[in-house]
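In: Quick check, what structure comes out for this input:
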Amino acid sequence: MGRRPEVFVRQVSMAEGQRLQRITRTAKDPVKLRRAIVVLMSAQGQPAPDIAHLLKASEDYVRDVIHAFNERGFDALDPKWNGGAPRRIDEQTRDWICVIARCDPRFLGRPYSCWSLAKLRDYLIDAGYVATISAETIRRILHERGVSWQATKTWKASNDPDFTCRTLHRL
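Out: This is a model prediction of the structure:
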């Protein structure tokens, strides 16, 4: 097996070199810092195996960073991940959760006047909107979408079907 061809970063302008040096001095993100060091060392003529050895990284990692910088420029230095596990509940289901939370439970055949997170959770599972969901996830979804949620402490509504009609006629 022959030796792999050397990979170097493209020609870096003076302004780009200064920007890379500034990133290596001020970067808070360790991933961005490490990538900037790889690009800067390559721009100074260091081969990928030497950079990998100095940074205790794999040669493939160094080559990937160099290729990414050559293709995308400084955008390649920023990590592109989000924290946590991927979302299991799609956007349409999240919209439905908010619509249902704003709805009166009696219109959906439930015998209570307002939702609690536990009751809303049970309804969503029973109705088949989700297979499983926690009350905390529901709370987070409602908060993200701007649905204010306050548990009712004491509230009793009449179960008399004419109650609302008689109340409206008095107004």
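In: all helices for the protein, in order.
Out: 14-26, 30-43, 48-55, 59-72, 91-102, 117-126, 135-144, 163-170 (DSSP state H).
In: Can you tell me which of those helices is most buried?
Out: With neighbours taken as mean count of other CB atoms under 10 Å, those reach their highest mean count in helix 30-43, at a mean of 20. C-beta coordinates here come from the backbone N, C-alpha and C atoms, glycine included.
In: quick one: I37 and T24 touch, right?
Out: Yes: using CB atoms under 8 Å, I37 makes contact with T24 at a distance of 5.8 Å.
In: Rebuild the helices of the chain as CSV, extending it with mean pLDDT and distance to E6.
Out: As requested, these are exported to CSV (pLDDT from 0 to 100; distance: least, CB to CB, whole Å):
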stretch, mean pLDDT, distance to E6
helix 14-26, 93, 20
helix 30-43, 94, 10
helix 48-55, 93, 7
helix 59-72, 93, 10
helix 91-102, 93, 46
helix 117-126, 94, 58
helix 135-144, 93, 48
helix 163-170, 49, 80
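In: Out of these, flag the one nearest G84.
Out: Nearest of these to G84, taken as CB to CB: helix 135-144 at 11.4 Å.
In: returning to what we had before: distance to P79 added to the helices of the chain, as CSV?
Out: Shown next, in CSV, are the helices of the chain (distance: least, CB to CB, whole Å):
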stretch, distance to P79
helix 14-26, 13
helix 30-43, 4
helix 48-55, 16
helix 59-72, 11
helix 91-102, 24
helix 117-126, 34
helix 135-144, 23
helix 163-170, 56
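In: got the contact list for the residue nearest to F8 when sequence neighbours are not counted?
Out: Of all residues not flanking F8 in the chain, S42 sits nearest, at 5.3 Å (CB to CB, 6 or more residues apart in numbering). For S42, the contact set (CB atoms under 8 Å, 6 or more residues apart in numbering) comprises 7-9, 48, 51, 62, 66.
In: One more pass at 6 Å, please.
Out: 8-9, 66 (CB atoms under 6 Å, 6 or more residues apart in numbering).
In: would you list those residues in CSV and tack on distance to S113?
Out: Listed next are these as CSV, based on distance: CB to CB, whole Å:
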residue, distance to S113
F8, 70
V9, 66
I66, 64
